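J.: no sequence for this one, just the structure:
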């Protein structure tokens with residue numbers, strides 16, 4: 001029941017990975033009846049090969065032959081995936097659940113899974129994905145804007161983040177205040193902001209702090 005998806009397809013999907021065909025079919029039917037778009041895979045490797053940069057959430061069996069659930073979680077983490085995971089297991093496994101949650105799993109449910117609890121976990125996972133995806137998209141946009149700054153403009157930005165005035169920046173960089181005003185204006189324009197607080201927030205999101213003391 002593996003479903004191929006176009007790389008341009010950005011609609012959120014609930015991906016289900018389980019090596020038991022009966023469980024896979026039952027989960028797909030349940031989620032589909034709840035109005036969710038579903039893509040089902042019988043192995044972790046099939047999912048990895050077909051769903052690069054997947055959007056939605058993952059309902060994942062813990063114990064599978066070959067690549068198991070925790071190993072798939074680690075592989076996705078290595079890829080930088082922000083796909084939230086709801087784990088399913090046929091037996092209580094405290095150590096595995098702790099490991100899964102430490103690495104960002106949304107929930108860890110035992111089979112036979114309670115339908116209402118699963119649907120609630122999926123809804124939470126999809127909402128979480130929207131938040132994570134929005135944050136990553138914002139960070140990528142800021143990184144693109146930052147790449148347009150010259151080395152000197154980047155220095156000025158760091159000093160603005162540190163709260164320095166134009167005359168202080170000029171003194172530290174060995175230039176005149178008029179030049180700093182020019183650079184400051186370029187930074188604001190290139191970053192697409194009108195106020196210093198907005199500029200500082202964008203810099204902080206990108207992890208830019210005050211420059212090291214000279």
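T.: Nice, thanks for sending it over. Just so you know, these numbers come straight off a predicted model, no measurement behind them.
J.: give me the distance between residue 126 and residue 186.
T.: 41 Å (CB to CB, to the nearest Å). Placement of C-beta: from N, CA and C, glycine included.
J.: for residue 80, same thing?
T.: Applying CB to CB, the value for residue 80 to residue 186 is 31 Å.
J.: more neighbours: which of these two?
T.: Legend: neighbour count by other CB atoms under 10 Å for residue 80 and residue 186, higher for residue 186 (16 against 8).
J.: run through who's touching the helix or strand containing the more buried one.
T.: Using DSSP states H and E, residue 186 sits within helix 177-191. Helix 177-191 is contacted from outside by 142, 145-146, 148-150, 152-153, 156-157, 160, 166-167, 169-170, 173, 194, 199, 202, using CB atoms under 8 Å, 6 or more residues apart in numbering.
J.: now which of those residues would you call buried?
T.: Listed as buried from those are 142, 145-146, 149, 153, 156-157, 160, 166, 169-170, 173, 199, 202; burial here means 16 or more other CB atoms under 10 Å.
J.: from those residues, which is closest to residue 87?
T.: Within the buried ones among the contacts of helix 177-191, the smallest distance to residue 87 is 32.6 Å, found for residue 142 (CB to CB).
J.: wait, what's in contact with the residue in the chain sticking out farthest from the centre?
T.: For the chain, the largest distance from the centre (CA atoms, centre = their mean) belongs to residue 176, which lies 42.4 Å off. For residue 176, the contact set (CB under 8 Å, 6+ apart) comprises residue 170.
J.: now, the contacts of helix 177-191 that are in helices?
T.: 142, 145-146, 152-153, 156-157, 160, 166-167, 169-170, 173, 199, 202 (DSSP state H).
J.: alright, calling it a day.
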